[in-house]
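Novice: structure for this input, please:
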Amino acid sequence: MELIKKRKKSYRLDITPLIDVVFLLLIFFMLTFSVPGQGIDIHLPGESAGVETPERPLTLTVNQDGSLRLEGQVLELDGIGRELKSKWVHGKDRSLVVDIHNQVPYDTFVRVLDLAKKAGAESFSIIR
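Specialist: From the prediction side, this is the model:
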């Protein structure tokens, strides 16, 4: 004989948080949606506005056969210092990009950097 009946537990799905999230997403997308014609027209000045363009660093290329080029001009190893000094006479930026082939001997690489440092190079960027 059963005196107490077992009750089945019933579960209800509460969708209130889901509805809250959907409404928040709807508000977010409505606020971030850009409407054509909305905004402010801005006319930016062109290049002739007197703004100085930053100086481009000099590029020294050392090829596999040991030949040197400074900005496309063929150089000898001993003429690097003289050419760099003449290029840096009026410039403030004394940085040098060294594009060196990976088969160039290490002593040639060190000599190039040493001559450039003696010519007044302040910073180097090395490309291999």
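Novice: the strands in this structure, which residues?
Specialist: Along the chain, the segments classed as strands by DSSP state E run 58-62, 68-70, 73-75, 95-100, 123-127.
Novice: how about residues contacting the first one?
Specialist: Contacts of strand 58-62 with the rest of the structure, by Cβ atoms under 8 Å, 6 or more residues apart in numbering, involve 68-71, 80, 84, 87-88, 95-101, 104, 108-109, 112, 116. To be clear about C-beta, it is placed using only N, CA and C from the backbone, and glycine gets the same treatment.
Novice: and if you look at the second one?
Specialist: The set of residues that contact strand 68-70 without belonging to it, under Cβ under 8 Å, 6+ apart, is 58-63, 74-77, 80, 83-84, 87, 112.
Novice: show the buried residues in these.
Specialist: With neighbours counted using 16 or more other Cβ atoms under 10 Å, these contain these buried positions: 58, 60, 61, 62, 75, 80, 83, 84, 87, 112.
Novice: and the furthest pair within those residues?
Specialist: 62 and 87 (16.9 Å; Cβ to Cβ).
Novice: what about residue 103, how many residues nearby?
Specialist: Using other Cβ atoms under 10 Å, residue 103 is surrounded by 9 other residues.
Novice: next up, the contacts around the nearest residue to it once chain neighbours are set aside.
Specialist: The shortest distance from residue 103 to any non-neighbouring residue, by Cβ to Cβ, 6 or more residues apart in numbering, is to residue 64 (4.7 Å). By Cβ under 8 Å, 6+ apart, the residues touching residue 64 are 101, 103, 104.
Novice: which of the residues you listed fall within helices?
Specialist: Using DSSP state H, no member of the contacts of residue 64 falls in helices.
Novice: tell me which of those residues is nearest to residue 29?
Specialist: Of these, the one sitting nearest to residue 29 (Cβ to Cβ) turns out to be residue 101, at 54.1 Å.
Novice: show the buried residues in the contacts of strand 58-62.
Specialist: When those are checked for burial by 16+ other Cβ under 10 Å, the buried set is 68, 70, 80, 84, 87-88, 96, 98, 100, 104, 109, 112, 116.
Novice: farthest-apart pair in those residues, please.
Specialist: It's 88 and 104 that sit farthest apart of those, by Cβ to Cβ, at 23.7 Å.
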